[in-house]
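A.B. asks: Sequence plus predicted model, see below.
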Amino acid sequence: MGSGRYLYIQSEPILLGTVLERDSPILSLIMNEYEEKVKKDYFSKFGWKRDPFILRGVLPHPSLYVRRKDDHQRLGPFIEALKEGQSVSLVVGPVGSGKSTLLKLFDYELERVLGNCRVVFIEQPGFTQEQFMKLVLSRINSGMANGDKVSLYENLKNWVNGSRDRRLILMIDEAPEIPEETGRLIRNLSDMENISFILSGVPDKIAKSMEKMQPLLDRKGSEYEVKPFESPELTWELIARRICYAKGDFSELDIRPFTDEAIEKIHEMSGGSPREALRIAHDALRRAMVSKNYEIDEQLVAESGRSVIVTEGEILREFSEVQRKIITLLRNKPEGLLIREIYESLGITHNTAKTSLKRLRNKGVVRVCRRKGRAYIYCLSEEWRRRLMKG
């Protein structure tokens, strides 16, 4: 509301008549407030506490994992080989099939299943050698995550060799994206007896990257292929578990406001890809919220999705390297980041981050999601979050 000669938006006074920059975030903030009101009203209808299709991380709780029918036949031997100390294991599958989701399940449960080991899940492999070692050490012993590159390597080696009964398992998602320099470090680490690697990626890309890391290729053991869902029943369960998580109640699986026919259509259009199914479901939900439609049927789903699955590499090809890194970082941080957190995470300057964010906002990729004091928190736009949902 106006007050005198001032306009108040989120308690920030702006003198009327002020000339605003073209990329001012004010309209973005107004639209965010509108979307939050629409979302709140719709969610209250079904007792949801959160958006079922925009969650913090790929698997915020193990109960969201959907088992394939043959998991006990194929995944059981894979885990048994890890228990026996296998050095290198692969998790492969097409884009959006659920590789990241499976690794996150391992992150939750492998230490309990395997016993005396430490599991470190590396979701973004684009680290320098020093950043990679600091990340690993911070997870296993934060007091050892200091010093220069040589000190860090010695600390990591000492921890690994400190006990013959203790094993370190490094899980690297999107392993083909490992920088060449960091790949050399991983080759050296693979020579240590008490380290195991689980590497994930698209089959042809991970095969090429393994050729560049011959010691890992020589030690390759089990390979688990994550396949698309073979039946609509699994897509039904995927949607139902997300909705139960949104309610905070798993006592009964529930797909409302989706109909059974809508789920079958989602399965058909997604080709069994969990990531694509969630994208289509999320798009249908947004359309339903705007139109105040409390039943999502087959027709609404058909209008919302498209059956062509585009790979992430194709989607990001038009952007610069820094812009791609920012997009990937924000994809994994749905709650958003301050500009300081962005440039510190990526090891770039403030000006580089500021320029890249401005260009990404102009393209509708990044938006301002809220304020923190006088600073803005940036996140991916809803459209781009849907396009880049991990699975």
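C.D. replies: The structure has been received and is ready for your questions.

A.B. asks: Below-threshold pLDDT in the stretch 51-200 of the chain: ranges please.
C.D. replies: The stretch 51-200 of the chain contains residues with pLDDT under 70 at 55-57.

A.B. asks: Please enumerate the strands of it.
C.D. replies: 88-92, 117-122, 167-172, 195-201 (DSSP state E, counting those that start in this stretch).

A.B. asks: can I get those in TSV with mean neighbour count and distance to residue 325?
C.D. replies: The C-beta positions use only the backbone N, C-alpha and C, and glycine is treated the same way. Shown next, in TSV, are the strands of the stretch 51-200 of the chain (neighbours: other Cβ atoms under 10 Å; distance: least, Cβ to Cβ, whole Å):
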stretch	mean neighbour count	distance to residue 325
strand 88-92	22	23
strand 117-122	19	15
strand 167-172	22	17
strand 195-201	24	18
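
A.B. asks: For the lengthiest helix in the chain, which outside residues touch it?
C.D. replies: Assignment by DSSP state H gives helix 26-46 as the longest helix of the chain. Applying Cβ atoms under 8 Å, 6 or more residues apart in numbering, the contact partners of helix 26-46 are 9-10, 14, 20, 49-51, 243, 246-247, 256-257, 288-290, 292, 294, 367-371, 382.

A.B. asks: Helices - which of those land there?
C.D. replies: Taking DSSP H, the ones among these that sit in helices are 243, 246, 247, 288, 289, 290, 382.

A.B. asks: Excluding chain neighbours, give the residue nearest to the last one in space.
C.D. replies: It refers to residue 382. residue 286 (7.0 Å; Cβ to Cβ, 6 or more residues apart in numbering).

A.B. asks: Show me which residues of the helix or strand the one you found falls within are buried.
C.D. replies: For residue 286, the enclosing helix or strand under DSSP states H and E is helix 274-291. Within helix 274-291, the residues that count as buried by 16 or more other Cβ atoms under 10 Å are 274-286, 288-289.

A.B. asks: go on, stretch 294-301?
C.D. replies: Neighbour-count burial for stretch 294-301, counted by 16+ other Cβ under 10 Å, picks out 296, 297, 298, 300, 301.

A.B. asks: before we move on, back to that, was I right to think the residue nearest to residue 382 contacts residue 385?
C.D. replies: No - assessed by Cβ atoms under 8 Å, residue 286 is found out of contact with residue 385, at 10.9 Å.

A.B. asks: for the residue nearest to residue 316 when sequence neighbours are not counted, helix, strand, or coil?
C.D. replies: Closest residue in space to residue 316, ignoring its immediate chain neighbours: residue 324 at 4.9 Å, by Cβ to Cβ, 6+ apart. Under the three-state scheme (DSSP: H, G, I helix; E, B strand; the rest coil), residue 324 adopts helix.

A.B. asks: Residue 324: neighbour count?
C.D. replies: Neighbourhood size, residue 324 [other Cβ atoms under 10 Å]: 18.

A.B. asks: Touching, it and residue 330? I think so.
C.D. replies: No - using Cβ under 8 Å, residue 324 is not in contact with residue 330, being 11.0 Å away.

A.B. asks: Next up, the contacts around the residue lying closest to residue 141 once chain neighbours are set aside.
C.D. replies: Of all residues not flanking residue 141 in the chain, residue 159 sits nearest, at 6.1 Å (Cβ to Cβ, 6+ apart). Contact partners of residue 159, counting by Cβ under 8 Å, 6+ apart, are 137, 140, 141, 144, 168.

A.B. asks: Residue 159 and residue 89: what is the separation?
C.D. replies: 21 Å (Cβ to Cβ, to the nearest Å).

A.B. asks: Break the chain into its domains for me.
C.D. replies: Per automatic domain parsing, the domain ranges recorded for the chain read 67-225, 232-304, 315-387.

A.B. asks: out of everything not next to it in sequence, what's closest to residue 322?
C.D. replies: Closest to residue 322 by Cβ to Cβ, 6+ apart is residue 356, at 5.0 Å.

A.B. asks: Report the buried residues of whatever helix or strand the one you found lives in.
C.D. replies: Element membership of residue 356, judged by DSSP H and E, is helix 350-362. Residues 353, 356, 357, 359, 360, 361 are the ones in helix 350-362 that count as buried (16+ other Cβ under 10 Å).

A.B. asks: Which neighbouring elements make contact with that helix?
C.D. replies: helix 321-331, helix 339-346, strand 366-372 (3 or more Cβ pairs under 8 Å, 6 or more residues apart in numbering; DSSP states H and E).

A.B. asks: list the helices and strands the shortest one packs on?
C.D. replies: Packed against strand 366-372, as judged by 3+ Cβ pairs under 8 Å, 6+ apart, are the following elements: helix 26-46, helix 321-331, helix 350-362, strand 375-380.

A.B. asks: who's in contact with residue 192?
C.D. replies: 157, 160, 161.

A.B. asks: whoops, residue 369 was the one
C.D. replies: 32, 336, 377, 378, 379.

A.B. asks: Is it correct that the third one is in contact with residue 367?
C.D. replies: No - here residue 377 does not reach residue 367: they are 10.0 Å apart, not a contact under Cβ under 8 Å.

A.B. asks: Mind checking which of the two has more residues around it?
C.D. replies: residue 367 (23 against 16).

A.B. asks: Can you name the residues that contact residue 199?
C.D. replies: Residue 199 touches 88, 89, 90, 91, 171, 172, 175, 206, 210, 216, counting by Cβ under 8 Å, 6+ apart.

A.B. asks: Quick check: the gap between it and residue 127.
C.D. replies: 15 Å.

A.B. asks: what does residue 201 give?
C.D. replies: Distance from residue 201 to residue 127, by Cβ to Cβ: 16 Å.

A.B. asks: Quick check: which element contains the nearest residue to residue 230 once chain neighbours are set aside?
C.D. replies: Nearest non-adjacent residue to residue 230, counting by Cβ to Cβ, 6+ apart: residue 272, 6.4 Å away. According to DSSP H and E, residue 272 maps onto no helix or strand at all.
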